[in-house]
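1. This is a predicted model, with the sequence first.
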Amino acid sequence: MSLVMASRRPLPFDPIMRAASLWEERIGPSRAMAAVTSVMRVQQILLSAVDNALRPHGLTFARYEALVLLTFARTNKLPMRVMGERLQLHPTSVTNIVDRLQADGLVRRIPHPTDRRATLVEITEAGSMRLKAATEAVTEIEFGLTGLTPEEEQTLTELLAKVRHSAGDFA
């Protein structure tokens, strides 16, 4: 039984493959439609699994990612602009995430030492402790990515990177 849909019985058939077959009959080649629909469905499954693992820690995936990013910084702090770039989020979204983390005492805003226009975000001790517990929770469920071998996970990452690169996600 799936981590996500434990309360619902699995269908006796793959609805995406059935839709692909019908698409093929009525519209034309279904490879791209089936692949995209599968990616979208897997995204729902993964997000639900990760959200369920993070919920007891009072975090969403976006807030979790922000805390991880801060711990990846040499000084455990980053300018908000850099956070937005690395998280690939609009400045308003970063502000919202930081506001929530700060309200929970997990980060603090501090003035940039050399740029009066910039604000740094620093993870607090409470944030580090929460992040540690949350990381244990998501790694315990393998971020919801079950059913693949380590080699298949690597191949999946590489294939999706090709799509992301083609879309201009990175140089």
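-> It's in.
2. quick one: pLDDT of the closest residue to residue 105 other than its chain neighbours?
-> Among residues not flanking residue 105 along the chain, residue 126 sits closest, at 5.0 Å (Cβ to Cβ, 6 or more residues apart in numbering). No exception for glycine: its C-beta is placed from N, CA and C like everyone else's. Confidence at residue 126, expressed as pLDDT, is 98.
3. Can you report how many residues neighbour residue 30?
-> Residue crowding around residue 30 was assessed by other Cβ atoms under 10 Å; the count is 19.
4. who's in contact with it?
-> 19, 20, 21, 23, 24 (Cβ atoms under 8 Å, 6 or more residues apart in numbering).
5. Please spell out which residues along the strand or helix carrying residue 92 are buried.
-> Per DSSP states H and E: residue 92 is located in helix 91-103. Neighbour counts using 16 or more other Cβ atoms under 10 Å place 94, 97, 98, 100, 101 of helix 91-103 among the buried residues.
6. Report the secondary structure state of residue 109.
-> Reducing the assignment at residue 109 to three states with DSSP: H, G, I helix; E, B strand; the rest coil gives strand.
7. Residue 98 is in contact with that one, correct?
-> Yes: with contact defined as Cβ atoms under 8 Å, residue 109 and residue 98 form a contacting pair (7.0 Å).
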